[in-house]
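Peer 1: I need the structure of the sequence given here:
(one chain, ligands or ions: 1)
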Amino acid sequence: MSRASLASFAGTASMEISRRRRLFSVAALVLLAISSACSTQKPIDAWRAMRFGMFVHCGPVSLAGTEIGWSRGKQVPKEEYDELYRRFDPKDFDARSWAKLAKDAGMRYLVLTTKHHDGFCLWPSRFTDYDIANTPFGRDLVGELAKACRAEGVRFGAYYSLCDWKHPDYPLDSPGGRKKKPKPNMPRYFEYVKAQTAELIERYGPLQLFWFDGEWEAPWTERYGRELHAHLLQKQASILVNNRIGKGRKGMEGKTKEGTLLRGNFDTPEQRVGSYERERPWETCMTICRQWAWKPGDRLKSLAECIRTLVSVIGGDGNLLLNVGPMPNGKIEARQADRLRELGAWVKRHGKAIYGTRGGPYRPGPWGASTCRGRKLWLFVLRWPDAGPLRLPKLDARLVSLRSLDGGVRAEKTMHGLSLMPSTKQRRASSTWIEMTLDREVLPLEPVEVRWTSGSLAKGGRASASNVYER
Ligand code: H79
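Peer 2: Predicted coordinates for the structure are as follows:
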């Protein structure tokens, strides 16, 4: 090697070193900024950023194959129902594989039914014998799962029903809340609820959240809800609770009625995609089959249905809590697990447009939905018009760039906004992913409706050739 080239090599090397140092300090600064941003993130914002979680409905009822929320005293006689736990032995339960499955599905948190309306407790509770300690299984299912979730980096939350059809102190004894117990004592039952929820926090906490349910039954009051909430916050200041801690929920639509004082941290549409809402956090809970609890041969949602649900929910600015019901042997059915992993592969591929994003500004519709973060905007087109382009109305921003991450889309700026023309192949694709960069933050932009009519060649504005983006 000549001197000259050696000198220049040395020069390049030292330049390289100082460049590396600079890069290193920039990276360190970025990391510092990220970690301080994370540490100051409020629990509700951290939860919201996760977007997608797993709901697990587990209990002795899986032995009957009927529904956990309404079979005691209906499909299954009470006496028979209350004896199921004596045979409950989910011996193949492997907490790590459930937590891993949630993670593989792209889910970032998991909510387990620690106690459903039937009153059975999945952990060995100091306050009742109607619990897992008195089953042939005998292990602490809640404890094992909470630990496995922590190991997998999946946040753990507890579903806890505020009604309890078996407990002698709780006034009602079956779905519909008509039948009464002989000697009810609701104030004493309330103490039981406080003791058990505190026990869950103390033993398995910090928990991400309490997911309450059963609040619609008459014995539960707003006053109990307020007292319970204060009690929980005292045990764990960061705990989140859903709106079912109080009495303000509007049916299965799950929104909180105007003027309700006790609202919890988020609304809870059930078995439906919540409507577009960006002021108030919300979460759709939905089953992957039809039942919450496992049912043999239950109809399983297709991958396309799962994707549409997820996209519509996050595009409407909600979270999705997708439910599985494990089998009596403690395993999650292979076809459900396969579906979750397929969904997970899709979620991971689209991760940057999912995690840490907000819904909008294009409102979800039959065409698909949109998400955003910073100046980026992602479109998920789930159904193109049968012919012609998909027309997006104007936003109050300038489009800096647009690309179809799946290819096969021609975009043109028109007088009315944007016109997106898919290739013949892409028009039939189950989803098309498009990334846009705008000249400003997307979240503050006024949300707009996308008019979509299948089979129609909607009339649009003039296309200007200089604004054609294609990949
Ligand atoms: O755990 C799952 C179900 O078992 C449980 N919620 C999810 C998360 C559930 N229990 N019962 N139900 C769902 C259906 C209850 C519906 C009704 Fe009502 C109760 C109809 C009338 C009273 C909800 C509250 C709709 C209106 C008021």
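Peer 1: name the SS class of residue 188, please.
Peer 2: With DSSP: H, G, I helix; E, B strand; the rest coil as the basis, residue 188 sits in helix.
Peer 1: residues in contact with the residue of the chain found nearest the ligand?
Peer 2: Nearest residue of the chain to the ligand (C-beta to the nearest ligand atom) works out as residue 69 at 2.6 Å. Quick note: C-beta positions are derived from backbone N, CA and C, even for glycine. Listed by C-beta atoms under 8 Å, 6 or more residues apart in numbering, the contact set of residue 69 reads 116-117, 175, 292.
Peer 1: please redo it, this time with the cut-off set to 7 Å
Peer 2: By C-beta atoms under 7 Å, 6 or more residues apart in numbering, the residues touching residue 69 are 116-117, 292.
Peer 1: got those as a markdown table, with pLDDT, secondary structure and distance to residue 99 columns?
Peer 2: Compiled in a markdown table, the contacts of residue 69 are given as follows (pLDDT from 0 to 100; DSSP: H, G, I helix; E, B strand; the rest coil; distance: C-beta to C-beta, whole Å):
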| residue | pLDDT | secondary structure | distance to residue 99 |
| --- | --- | --- | --- |
| 116 | 98 | coil | 21 |
| 117 | 98 | coil | 26 |
| 292 | 98 | coil | 20 |
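Peer 1: before we move on, the earlier item: and the residue of the chain closest to the ligand, that's in a helix?
Peer 2: No - counting by three-state DSSP, residue 69 falls outside a helix, being coil.
Peer 1: contacts for stretch 176-190, please.
Peer 2: If you take C-beta under 7 Å, 6+ apart as the criterion, stretch 176-190 is touched by 164, 167-173, 217-219, 224.
Peer 1: if you could redo that for stretch 268-286, that was the one I meant.
Peer 2: So stretch 268-286 is contacted by 44, 48, 55, 242-244, 249, 252-254, 265-267, 287, 309, 312-313, 316-323, 358-360, 363-364, 447 (C-beta under 7 Å, 6+ apart).
Peer 1: if you set the cut-off to 8 Å instead, what comes out?
Peer 2: Defining contact as C-beta under 8 Å, 6+ apart, one finds that stretch 268-286 is touched by 44, 47-48, 53, 55, 242-244, 249, 252-256, 265-267, 287, 309, 312-313, 315-323, 358-360, 363-364, 447.
Peer 1: pull out the buried members of those.
Peer 2: Buried subset of the contacts of stretch 268-286 (neighbour count, 16 or more other C-beta atoms under 10 Å): 47-48, 53, 55, 242-244, 249, 254-256, 265-267, 287, 309, 312-313, 315-323, 358-360, 363-364.
Peer 1: how about the residues of the protein by the ligand?
Peer 2: Applying C-beta under 6 Å from any ligand atom, we find that the chain lies next to the ligand at 68-70, 213, 216, 251-252, 270, 285, 292.
Peer 1: Serialize the residues you listed to JSON lines and add fields for distance to residue 129.
Peer 2: JSON lines is the format used below for the residues of the chain next to the ligand (distance: C-beta to C-beta, whole Å):
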{"residue": "68", "distance to residue 129": "20"}
{"residue": "69", "distance to residue 129": "23"}
{"residue": "70", "distance to residue 129": "24"}
{"residue": "213", "distance to residue 129": "23"}
{"residue": "216", "distance to residue 129": "28"}
{"residue": "251", "distance to residue 129": "35"}
{"residue": "252", "distance to residue 129": "34"}
{"residue": "270", "distance to residue 129": "31"}
{"residue": "285", "distance to residue 129": "30"}
{"residue": "292", "distance to residue 129": "25"}
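Peer 1: and those, which two are furthest apart?
Peer 2: Greatest spatial distance among the residues of the chain next to the ligand (C-beta to C-beta): 68 and 251, at 19.5 Å.
Peer 1: between those two, who's got more neighbours?
Peer 2: More neighbours surround residue 68 than the other of residue 68 and residue 251, with 24 against 9 (other C-beta atoms under 10 Å).
Peer 1: could you find the closest non-adjacent residue to that one?
Peer 2: Computed as C-beta to C-beta, 6 or more residues apart in numbering, the closest residue to residue 68 that is not its neighbour in sequence is residue 293, at 3.9 Å.
Peer 1: my guess is the one you found meets residue 325, correct?
Peer 2: Yes - using C-beta atoms under 8 Å, residue 293 makes contact with residue 325 at a distance of 4.5 Å.
Peer 1: common neighbours of those two, please.
Peer 2: The contact sets of residue 293 and residue 325 overlap at 57-58, 62, 68 (C-beta under 8 Å, 6+ apart).
Peer 1: can you pull the phi/psi pair for the spatially closest residue to residue 172 that is not a sequence neighbour?
Peer 2: Excluding the flanking residues, the one nearest residue 172 by C-beta to C-beta, 6+ apart is residue 217, at 5.8 Å. With angles defined as degrees, to the nearest 10, residue 217 sits at phi -70, psi 150.
Peer 1: now stretch 127-134: buried residues?
Peer 2: Buried, per 16+ other C-beta under 10 Å, within stretch 127-134: 127-128, 130-132, 134.
Peer 1: could you list the low-pLDDT ranges of this structure?
Peer 2: Scanning the chain for pLDDT under 70 picks out the ranges 1-39, 454-471.
Peer 1: tell me where it has helices.
Peer 2: Taking DSSP state H, the helices of the chain run over residues 3-40, 43-50, 78-81, 95-104, 141-152, 186-204, 222-235, 303-315, 334-349, 424-427.
Peer 1: quick revisit: could the contacts of residue 69 be laid out in CSV, adding distance to residue 420?
Peer 2: Formatted as CSV, these follow (distance: C-beta to C-beta, whole Å):
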residue, distance to residue 420
116, 46
117, 47
292, 39
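Peer 1: turn those into TSV, columns for neighbour count.
Peer 2: Formatted as TSV, the contacts of residue 69 follow (neighbours: other C-beta atoms under 10 Å):
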residue	neighbour count
116	26
117	24
292	26
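Peer 1: give the burial count for the nearest residue to residue 64 once chain neighbours are set aside, as a bare number.
Peer 2: Of all residues not flanking residue 64 in the chain, residue 76 sits nearest, at 5.2 Å (C-beta to C-beta, 6+ apart). Burial of residue 76 is recorded as 20 neighbouring residues (other C-beta under 10 Å).
Peer 1: pretty sure residue 76 sits against residue 63.
Peer 2: No - applying C-beta under 8 Å, one finds residue 76 not in contact with residue 63, separated by 9.8 Å.
Peer 1: what do these two both touch?
Peer 2: Shared contacts of residue 76 and residue 63 (C-beta under 8 Å, 6+ apart): residue 84.
Peer 1: okay, now residue 66: neighbour count?
Peer 2: Close neighbours of residue 66, defined as other C-beta under 10 Å, add up to 19.
Peer 1: list phi and psi for residue 452.
Peer 2: Backbone torsions of residue 452, given as degrees, to the nearest 10, read phi -140, psi 120.
Peer 1: where's it relative to residue 393, distance?
Peer 2: Distance check for residue 452 against residue 393: by C-beta to C-beta, to the nearest Å, it reads 11 Å.
Peer 1: what is the burial count for residue 403?
Peer 2: Neighbour tally, residue 403, other C-beta under 10 Å: 16.
Peer 1: is it in a bridge, and if so with what?
Peer 2: Bridge pairing for residue 403 (DSSP bridges) gives the partners residue 435.
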